[in-house]
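Engineer: need a structure here:
(3 chains)
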Amino acid sequence: MKEKLTKALQALKHKTPLVHAITNVVTVNDCANSLLAVGASPAMCEAADEVFEFSQLAGSLYLNLGTLTKEQEMAAYLAIRGATLKGIPVILDPVACGAIPRKKATIERLGHFGRFTVIKGNLGEVKALAGLAARVRGVDSLDEGNDGLEACQSLARAYGCVVAATGKVDIVADGQRACLIENGTEMLTRITGAGCMAGALVAGFCGAYEDAFGATVAALLTMSLAGELAQETSGGELPGTFRAHLIDQLSLVDEALIEKRGRVQWL
Amino acid sequence: MKEKLTKALQALKHKTPLVHAITNVVTVNDCANSLLAVGASPAMCEAADEVFEFSQLAGSLYLNLGTLTKEQEMAAYLAIRGATLKGIPVILDPVACGAIPRKKATIERLGHFGRFTVIKGNLGEVKALAGLAARVRGVDSLDEGNDGLEACQSLARAYGCVVAATGKVDIVADGQRACLIENGTEMLTRITGAGCMAGALVAGFCGAYEDAFGATVAALLTMSLAGELAQETSGGELPGTFRAHLIDQLSLVDEALIEKRGRVQWL
Amino acid sequence: MKEKLTKALQALKHKTPLVHAITNVVTVNDCANSLLAVGASPAMCEAADEVFEFSQLAGSLYLNLGTLTKEQEMAAYLAIRGATLKGIPVILDPVACGAIPRKKATIERLGHFGRFTVIKGNLGEVKALAGLAARVRGVDSLDEGNDGLEACQSLARAYGCVVAATGKVDIVADGQRACLIENGTEMLTRITGAGCMAGALVAGFCGAYEDAFGATVAALLTMSLAGELAQETSGGELPGTFRAHLIDQLSLVDEALIEKRGRVQWL
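Structural biologist: The predicted structure is shown next:
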C-alpha cells in the first residue's frame, strides 16, 4: 500500500499541478509556501469576477472557510461549480464549522453547486459535520474521542467522498477503506496554519494523482514527516524557528523517507 | 507590583483564553503565532455573518483597524456590541488614526456600540486620539515627546479605560495609576507587526486576567523582553531571523524572566 | 551608470519614503518586511474610504493586482487618481494578467484614472500586456523567449513608462534605454512573493529617487543580490530558511555590494 504513497509523491513532483486556492488570510502565505515546497504551483484566485473560469483551468480546488469574506463566499460557489463541471478535484477545509453556524450553512450550500472530493478537517470539525457532538474551542478541536473513525466513515458515506480528520493520529476514510497515520509532532499545534497547510497539500496531491484516498494519505503523511524532521532540526520547542524549518523539510520529503519513516496503519 | 505581572502570566498559561481578533491582513499571521506562542488561542473571525455570536463566546476581543475593509468595519460594530453585552474585554488598536480620518470616525462610532477596556497604540496614535498634535508618517509615530504620560491619562479618563502608548519606553495608564516599561529593542521597529503583536498579546492577557491595567503591563513587558532576547539570539541586526526568533522567545518568557529582567517603573 | 544605482540606494536610505501599497493577501507581509528591510516605510492602506487622500501623502503607490477584491479594485481607481494628481510615482504589478481577463480589463481602466510610472511583471505578464503570445500557468511565467526586450520596449512605448520583466535575467526598458540584470538565484522562484517584493522595492526606490529607470534597476538588483547572498547563508536549497535570510540580506545590501557584485548590462 505504501507504493501508492510514493507514486502519489512522484506524480506531484512530476506534474507541478496548479492548485487553485480560496483560503483564509491568516495562513494564506503558509499555504502558498508549503505547496511550492512540495513542488505544486499555488494560485490564490479569490475574486468573484475571476474564479468561475480560473477554476476550470486548475489541477485542483482548495476551499478553506477560515476567514470567509462575503466576496470569497460568492467566489466559492462559482469556483466549486466550475471545478465540478470539469471533473477537477475539490478539497474542502471546513474550518470552525463546529463553532460557527454560518460555516455549516455555507458547506451545505456549496454541496448544491458541486461535489467535494475530499473533506479535511480536525476531528472536532469532522464530527460536527457528521452531526455528532463535538468539543471545539474556536478553530481548535478539543476532541480526542475514539469515535473518530466512525465519524469519518459516516461523513464519507454521506458526501460520497474521502474524509480526513487530523489529530494526534490522522484518520483517512472513504466509506470503505480507512487508515491511520501515526506520524507527527505536537509542535504542529503550536503554530498557526498546520491544518491549512495539510489541506493545501491534499489539494496539491489530488491535483497530480487520481486516487483521492491515496493522495490524501500521502499529503497528510508528508506534512507529519516534515513536522517530525523540523522539530528535530529546529532544536525542539521553538515555534518561530520550527515554522521556517517546516517549509524546509516539506521540500525534502522524498520516497525514501516515506518508505523508511512513514507509520501508516491500513485498516 | 511585579507580582501582578507574574500572576497575569500564570493566568494566561493556565486558562488558554480564546482571543477573538478582527485585524489587518499585513500582520494577521504574526498576531496568531504570537498568541499561540504565549499560550492563548487565537480565532480570526471577521465575517459580519459570524461575529455577533462568536464575540460572545470568546475571552477577549482584539480590534485592529490597520487594513479595515468595509465588511470588517461592519463586523467590528457587531463584535464590540456582542462582547460588551457579555462583559468581555475589548482591546482597540487604533492603527494610523492620526493619519487617516476614517479611522478616527470609526473609533468614535465603535464607542456607541460598546466600550473599550484597553486602547493600545503608538504614541502618535494615542496623542491623535487624545486630541493633541501628533507627528505621524503613515502607520509610524515620529513622536518622542515628553507629554506621552499626560496624553495617556487624558485619553484614559475620556474613555474610562486603560491606555497604552508604545515607543522607546512604553507607557500604561488608567486615569489614576501609570507605569513605564523600559525594556525593548529598536529591532522591534525594523519588522512589521510588533505593534500589532503587542496589541494581540494585550488581548490575550486581558482574556485571562481580570485587572486590565496589570494585564496590559504584563503583555507589553512580555513583548519587550522577547524582543530583547530575540535580538541577542538572532545575532543583532537581522530582521528576517529576528522575526522568527521573536516568536521563539515569546514562547519562553516566564515568571523568572519577568522578575529578573523586567524594568517597570510604577508611577 | 552604476553610479545611478548607488545614488538611488543612498536616496532610499536617506529619505525613508512612505510607500502606499494596495497588494495581495498572500505576500503582503513579505512586501512590508522587505520595504522595512531596505529602509522604506510601507503603509498598506486599501480601503475605498481612505485611499484617495492617503495616496496624495505618500512617496509612491504600489498597485499589485494579485488577489484584488472588489473593494481593492475601487480603491485602486481612487488611489491612482490621487497619486497622479500629485505627480507621485505609480508602480503596477500586473499579477496573472496573462491568465485572468479581469486583470487586463482592470489595468485598462486604471489607465483612464492616472498613469503608470513603472510596470513590473514577469516575462509572461509583460508579453500578455504587450499583446504578444505568452506562456503562463496561473501566476507563473513559463516564458523564456528571446523576445523579452522587444516586449518591454513595446509596452514601455505604449504606456510611456518604464517596464521591467523579471526572469532568469531581469530586463528593464523605458522605450529608449534598456538594461539586463544578470544577478539572482533560482531559489527566488521556490518561495512565494519574490516578484511582489521586487515590485514593492521598485516602489520604494521610486519614492526616493526621481529617475524611474535607475530606481527600477536599483530595486531589482537589490532583490537579486539579496537573493544570492541569502542562498549562500541559508545553506543552499531550504526555502523556509532562505525566506528569512532574504529579509536579512535585503537589510544588508549596500553601495559596496552593488559596485562589487552587481552584473548589469546596459544596452
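Engineer: My read is that A:Ala218 contacts A:Lys2, right?
Structural biologist: No - the criterion here is C-beta atoms under 8 Å, and A:Ala218 misses it with A:Lys2 at 9.6 Å. In this view, the C-beta of every residue, glycine as well, is placed from N, C-alpha and C.
Engineer: Comparing these two, which residue is more hemmed in?
Structural biologist: Neighbour totals were compared for A:Ala218 and A:Lys2, and A:Ala218 leads with 34 against 15 (other C-beta atoms under 10 Å in any protein chain shown).
Engineer: residues in contact with that one?
Structural biologist: A:4-5, A:8-9, A:12, A:205, A:209, A:258 (C-beta atoms under 8 Å, 6 or more residues apart in numbering or on different chains).
Engineer: Among these, which lie within helices?
Structural biologist: A:4-5, A:8-9, A:12, A:205, A:258 (DSSP state H).
Engineer: how about the residues you listed in TSV, adding distance to chain B?
Structural biologist: Converted to TSV, those look like this (distance: C-beta to the nearest C-beta, whole Å):
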residue	distance to chain B
A:Lys4	34
A:Leu5	30
A:Ala8	29
A:Leu9	27
A:Leu12	25
A:Phe205	24
A:Ile258	28
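Engineer: Nearest to chain C among those residues?
Structural biologist: A:Leu12 (15.0 Å; C-beta to the nearest C-beta).
Engineer: The closest one: neighbouring residues, count only.
Structural biologist: The burial count for A:Leu12: 26, using other C-beta under 10 Å.
Engineer: repeat for the one 5 residues further on
Structural biologist: With neighbours defined by other C-beta under 10 Å, the count for A:Pro17 comes to 25.
Engineer: Same check on the one 4 residues further on?
Structural biologist: Using other C-beta under 10 Å, the number of residues around A:Ala21 comes to 29.
Engineer: what secondary structure does it sit in?
Structural biologist: Counting by DSSP: H, G, I helix; E, B strand; the rest coil, the backbone at A:Ala21 sits in strand.
Engineer: now do A:Lys120
Structural biologist: On the basis of three-state DSSP, A:Lys120 is classed as strand.
Engineer: ok, the spatially closest residue to it that is not a sequence neighbour - contacts?
Structural biologist: Leaving aside its chain neighbours, A:Lys120 sits nearest to A:Ala164 (4.3 Å; criterion: C-beta to C-beta, 6 or more residues apart in numbering or on different chains). A:Ala164 makes contact with A:118-121, A:126, A:152, A:170-173, A:202, A:216, A:220, according to C-beta under 8 Å, 6+ apart.
Engineer: list the contacts for the one residue in the stretch 51-200 of chain A that gets nearest to chain B?
Structural biologist: At 3.4 Å from chain B, A:Gly138 is the closest residue in the stretch 51-200 of chain A, using C-beta to the nearest C-beta. Contacts for A:Gly138 (C-beta under 8 Å, 6+ apart) come out as A:96, A:99, B:18, B:20, B:41-43, B:45, B:57-58.
Engineer: Now do it, the pLDDT please.
Structural biologist: What the model reports as pLDDT for A:Gly138 is 72.
Engineer: same deal with A:Asp143?
Structural biologist: 66.
Engineer: How about the residues of the stretch 1-150 of chain A by chain C?
Structural biologist: A:16, A:18, A:20, A:25, A:28-29, A:32-33, A:36-37, A:41-50, A:53-54, A:57-58, A:69, A:71 (C-beta under 8 Å from any C-beta of the partner chain).
Engineer: For A:Gly160, grab the count of nearby residues.
Structural biologist: A:Gly160: 11 neighbours (other C-beta under 10 Å).
Engineer: tell me the mean pLDDT for the helix or strand where A:Leu149 lies?
Structural biologist: Assigning secondary structure by DSSP states H and E places A:Leu149 in helix A:148-159. Helix A:148-159 shows a mean pLDDT of 96.
Engineer: ok, residues contacting it?
Structural biologist: By C-beta under 8 Å, 6+ apart, helix A:148-159 touches A:111, A:115-116, A:119, A:123, A:126-127, A:129-132, A:162-165, A:167, A:171-175, A:178, A:180, A:267.
Engineer: change it to 7 Å
Structural biologist: Contact with helix A:148-159 is made by A:116, A:119, A:123, A:126-127, A:129-130, A:132, A:162-163, A:165, A:167, A:171, A:173-175, A:178, as judged by C-beta atoms under 7 Å, 6 or more residues apart in numbering or on different chains.
Engineer: just stretch A:42-49 next, same as before
Structural biologist: A:18-23, A:28, A:31-32, A:35-36, A:51, A:54, A:58, A:71-72, A:74-75, A:78, C:26, C:67-69, C:100, C:102, C:138-139, C:192.
Engineer: That one: end-to-end distance?
Structural biologist: Stretch A:42-49 has an end-to-end distance of 19 Å (C-alpha to C-alpha, to the nearest Å).
Engineer: Now it: buried residues?
Structural biologist: A:42-49 (16 or more other C-beta atoms under 10 Å in any protein chain shown).
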